[in-house]
Structure formats: C-alpha cells, structure tokens
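K.L.:
Show me the folded form of this:
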Amino acid sequence: MNTIDVNRVVDHARFTKFHWNVLFWCTLIIIFDGYDLVIYGVVLPLLMEQWQLSPMAAGALGSAALFGMMFGAMGFGMLSDAWGRKKVIILCVVLFSVTTVVNGFASTPWQFGILRFIAGLGIGGVMPNVVALMTEYAPKRKRSTLVALMFSGYAVGGMMSAGLGIWIVPTFGWEVMFYLAVVPLLMLPLVMRYLPDSVAFLKKQGREDEVRTIVRAISPESNIREQDTLALPPAESDQAPVVELFRNGRTMSTLMFWTAFFTCLLMVYALGSWLPKLMSMAGYGLSSSLMFLMILNVGAIVGAVGGGWLADRLSLRKVLVSFFVLGSASLIMLGHESPMWLLYTLVGIAGATTIGSQILLYAYVAQYYPAAIRSTGLGWASGIGRNGAIVGPLLGGALLALALPHHMNFLALAVPGAIATLAMLLVDRERKPATPDVRPATALSGNT
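P.N.:
Numbers count the residues shown, from 1 in each chain. Down below sits the predicted model:
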C-alpha cells in the first residue's frame, strides 16, 4: 500500500483537462464579479441626473459596495475554511447576482445603496475563495501565472461593463445593465456540476472517493489504487483561523500583506476615481474617462499575466517590489507635461503596476498560507485592503480641495506605492509551509 502526498502530486502534475476546467469556471466567476463591481461607475452620470445626487451622495452610494466587499471578504473567507470553497462561492454568486438584478428596480438612493452593500458582500466573498481554489489545484511551476490569468478576468469584467454601457445605457436605460446580472444565475447549475471543491475540505469531511477521483484527474499517470492512502499536511492548530495568521513566524508577513493590500487598493481606486479629472485640470484633452478605464484595465491584464509569468521564473516578491517601484515612478511622471503617446503609455504602465500588482498580491498571499487558513488569510488581507479602496477616492477629493500644483497631486498618489514596496521587502522570505511526513506515490510514492 502506498501513502500518496496529494500536495506533491498537484505540484508536479502536468496541465490537464481538469486544470482547464478549474481555470475556466473560476475565471468566468471573476468576470461576472468584475462586471458587477464596475457597473456603478458606468451608470453614475445618469443616476446623478435622475435622482439629483450631489457628488457627496454619489460617492456614498459608490462606497456602499466597497464596505460590503470589506465585510464579505473577511466573513466569507473564514466561512469557506469551515463550509468548503465551492459552497461559499455559489452562495456569493447568488448573493451578488440576485441583489444586482433587484438593484435595477431601485427607485430611491436608499434602496440602491442598501442593495449595493449586499451585492458587495458577495463580490468581496468570491475573490479570496476562487483565488484559493485555483492556487490549490495549479501545478507549482505555473501557479502564479494561472492565478494571475484567472484574476485578470476581473479586468475583463470591468471592460465588458464599460463596453456594454456605451451601447446599452443611452439606448435602453441604466436599469438594463443591472438586469444582465441574471446571466450568472442561469449558469449556476453548470458551476455546481463542474466546479470542484477543495481537496483539503473534502479530505476533512471524509469524502475519500471524491478526493481519489480528483487526484486521478489531476495526475492520470500516478496510477492511484483503491488501497492507496491519500495524505495532506495536518492542520497546524485547532485554534481560530484568524489567530493562525499570526502563528509560526507569520506575524510580520501578515501585517505587511495587509499594508500592501491597503496601499495598493488605495492607489487603484484613487486613480479610477480621479485620474480623468486630474488630467483634464492639467489641460489634457482625452476624449472620455471611459477611455482611461479601458487603458487601465488593458494594462492590468498585461501586468497581471506578464507578472505571473515572471513570478514563476523569479519570485512573486521580486516582481511585486519591481512593480510597486515602477508604478510609483509612472505616477510621478504623469504629473509632468508629456506628449500624448507617452501619457497613454504611462497610464497603461500605471494600470499594469497597480491593478496588476493587486492581482499578484492575491497570488502571493494564497501561496504563503497553508491550505487550512488560505481563504482566511486572503479574506482578511482583502478585507483590510478594502479600507484603502474607501480612502482612495477620499484622498483624491482632498488633494483637489487643497488646490496643489499638478505634479504634487501625483507625487502624493505615488507615496502609497513606496510604502507597499517597503512592505514587500519586509515579508518573510525564509519561512516555508509545513510539509507532511509522507512518501510520494509511484514516481512520487513509496511502499508503506
């Protein structure tokens, strides 16, 4: 009889149909997630006109989903470690899809804001769980690339929301943008059938047959037999998952991850909210803020996928440090007069190194924590980071109120990038996740 280290089988597996399946469904869910989050910015001008909203009231409505995302990321991140990732992902998809559809029927700002908060719970809850699931199943040599590729679906969803908005909103009204959120609900039966649950959760539940089927799909050549024992690293402790984030030498790294998430999201949302206004005040005649959104998100995809590819060959830590330095430099340069081609290039670099870095941060955190607390680690980092998303637009408004010189505004936006760089440098490089004391199967196994 063989004792098979499941984690080692996953690490050394070649890319199979099973991996394509996980990548496809996780990416599709993230695309829907991105669509639902960006939709507010697309319909905002019409809402302000229809409901006579002041900028402050419009900002508060926009923050409703961000507050929901903060609580959803932390709450559902912890819940999935107990309930299983698949069940929580499905719950979150139902939550943000149903409330987004109902949002199309909102007749007052209060109704709209409450529904956006509830939708934010689901949007925030999905992110750490699909990242954790993709990380658990991705082969080690392609892990960063696959997680970054999957999470770039968030930018695709944002571009889809913006692109559809150009056509739908003027023709059919803003409500239709929300009605389209019914699509994930229609696809839910397929998600329930084809999306696998976490092996660690299935093993914990004693569902050995399902674990065996999944491991065979991951590595068909491993020749796993019915009498073979499938092993995973034992849980480090029975204490609360949040406490585990600070045990075994993880305290400094956990705090630095939270810092990096906060500062990175601050830059992302400050840019998304105020970049068009800042540039128009400087006299640049860019056609519309929608074009900025497209450039930022195209840059985000290039940065995430390219950064993931580099990380699999170097390290996520080195790539993130380089990205944060490059992002700060591009923001500082945006504060100075430049030719239009250089301006667009700098905006693309800013998207690649801010939104792209945010995606890579998810990959880094997912690989840092052991499987038993992976969703909790991701959820809390994402939840703490959401405070940065809330502060970002406020910071942009404060800078405008101070009437600073143009280059000083961008210098201020570059400071969080410098802080994130320092945080990444302080993440513990030496600590390694615990490995089980088992022998691998077949090429990765031995007799017991």
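
K.L.:
Now the element after the helix or strand where Leu255 lies, going C-ward?
P.N.:
Assigned by DSSP states H and E, Leu255 falls within helix 251-281. Moving toward the C-terminus from helix 251-281, the next helix or strand (DSSP H and E) is helix 289-313.

K.L.:
where are the low-confidence patches of this protein?
P.N.:
Residues of the chain meeting the criterion pLDDT under 70: 1, 55-56, 59, 222-240, 273-290, 292-293, 397, 400, 429-448.

K.L.:
thinking again about what came up before, okay, the angle between the helix holding Leu255 and helix 289-313?
P.N.:
With axes from the mean of the first three to the mean of the last three Cα atoms, to 10 degrees defining the directions, helix 251-281 sits at 150 degrees from helix 289-313.

K.L.:
Just name whatever secondary elements helix 251-281 is in contact with.
P.N.:
When contacts are defined as 3 or more Cβ pairs under 8 Å, 6 or more residues apart in numbering; DSSP states H and E, helix 251-281 packs onto helix 289-313, helix 316-334, helix 340-368, helix 374-402, helix 406-426. Every C-beta, even on glycine, is put in place using the N, C-alpha and C of the backbone.

K.L.:
of all these, which lies closest to Tyr35?
P.N.:
Nearest of the helices and strands packed on helix 251-281 to Tyr35, taken as Cβ to Cβ: helix 289-313 at 11.9 Å.

K.L.:
Packing partners of that closest one?
P.N.:
helix 143-151, helix 153-172, helix 251-281, helix 316-334, helix 340-368.

K.L.:
ok now that helix, how far from the chain's centre?
P.N.:
In this view, helix 289-313 has its centroid 13 Å away from the chain centroid, taken as Cα atoms, centre = their mean, to the nearest Å.

K.L.:
Could you do stretch 92-103 as well?
P.N.:
19 Å.

K.L.:
Residues touching it, excluding its own?
P.N.:
Defining contact as Cβ atoms under 8 Å, 6 or more residues apart in numbering, one finds that stretch 92-103 is touched by 29, 32-33, 36, 39, 72, 76, 112, 115-116, 118-123, 125-126, 129, 178-179, 181-182, 184-185, 188, 191.

K.L.:
Just the buried positions in that stretch, please.
P.N.:
92-93, 95-103 (16 or more other Cβ atoms under 10 Å).

K.L.:
likewise stretch 126-137?
P.N.:
So for stretch 126-137, counting by 16+ other Cβ under 10 Å, buried means 126-137.

K.L.:
Which ones among those map onto strands?
P.N.:
Among those, no member is found in strands (DSSP state E).

K.L.:
Now tabulate these in a markdown table and tack on distance to Val6.
P.N.:
As requested, the buried residues of stretch 126-137 are exported to a markdown table (distance: Cβ to Cβ, whole Å):
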| residue | distance to Val6 |
| --- | --- |
| Val126 | 25 |
| Met127 | 25 |
| Pro128 | 22 |
| Asn129 | 20 |
| Val130 | 20 |
| Val131 | 19 |
| Ala132 | 16 |
| Leu133 | 15 |
| Met134 | 16 |
| Thr135 | 14 |
| Glu136 | 10 |
| Tyr137 | 11 |
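
K.L.:
Of these, which is the nearest to Leu361?
P.N.:
Val131 (10.0 Å).

K.L.:
now that closest one: how far from His407?
P.N.:
Separation of Val131 from His407 (Cβ to Cβ, to the nearest Å) stands at 36 Å.

K.L.:
go on, Asn297?
P.N.:
For Asn297, the distance to His407 equals 25 Å [Cβ to Cβ].

K.L.:
What is the neighbour count of the closest residue to Phe262 other than its chain neighbours?
P.N.:
In space, and not counting its chain neighbours, Phe262 is closest to Gly388: 3.9 Å by Cβ to Cβ, 6 or more residues apart in numbering. For Gly388, the neighbour count with other Cβ atoms under 10 Å is 27.

K.L.:
Likewise for Phe201?
P.N.:
Neighbour count of Phe201, defined by other Cβ under 10 Å: 23.

K.L.:
That one contacts Leu79, correct?
P.N.:
No - judged on Cβ atoms under 8 Å, Phe201 makes no contact with Leu79 at a distance of 11.7 Å.

K.L.:
any shared contact partners between those two?
P.N.:
With Cβ under 8 Å, 6+ apart, Phe201 and Leu79 have no common neighbours.

K.L.:
So for Leu53, which of the helices and strands packed on helix 251-281 sits nearest?
P.N.:
Set against Leu53 and scored by Cβ to Cβ, those come closest in helix 374-402, at 15.0 Å.

K.L.:
any idea of the angle that closest one forms with helix 251-281?
P.N.:
40 degrees.

K.L.:
So for helix 374-402, what gets flagged as buried?
P.N.:
Neighbour-count burial for helix 374-402 [16+ other Cβ under 10 Å]: 374-393, 395-397, 399.

K.L.:
about what we covered before: compare neighbour counts for Asn297 and His407 and give me the winner.
P.N.:
Asn297 (26 against 15).

K.L.:
Burial check on the spatially closest residue to that one that is not a sequence neighbour, number of neighbours?
P.N.:
In this structure, Asn297 finds its nearest non-sequential neighbour in Ala155, 4.1 Å apart by Cβ to Cβ, 6+ apart. Neighbour count for Ala155, taken as other Cβ under 10 Å: 28.

K.L.:
so Ala155 makes contact with Ala304?
P.N.:
Yes - counting by Cβ under 8 Å, Ala304 is a contact partner of Ala155 at 7.4 Å.

K.L.:
Give the residues shared as contacts by these two.
P.N.:
Joint contacts of Ala155 and Ala304 (Cβ under 8 Å, 6+ apart) are Ile355.

K.L.:
hmm, back to that, buried deepest among the helices and strands packed on helix 289-313, which one?
P.N.:
helix 143-151 (a mean of 26; mean count of other Cβ atoms under 10 Å).

K.L.:
CA atoms only for it - export them in PDB, please.
P.N.:
Presented in PDB, the C-alpha positions along helix 143-151 are these (Å, rounded to 0.1, in the frame of the first residue of the first chain):
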ATOM      1  CA  ARG A 143       0.800  28.600 -10.200                       C
ATOM      2  CA  SER A 144       1.500  32.300 -10.200                       C
ATOM      3  CA  THR A 145       0.700  32.500 -14.000                       C
ATOM      4  CA  LEU A 146      -2.600  30.700 -13.600                       C
ATOM      5  CA  VAL A 147      -3.800  32.600 -10.600                       C
ATOM      6  CA  ALA A 148      -2.900  35.900 -12.400                       C
ATOM      7  CA  LEU A 149      -4.600  34.800 -15.600                       C
ATOM      8  CA  MET A 150      -7.700  33.800 -13.700                       C
ATOM      9  CA  PHE A 151      -7.900  37.000 -11.700                       C
END
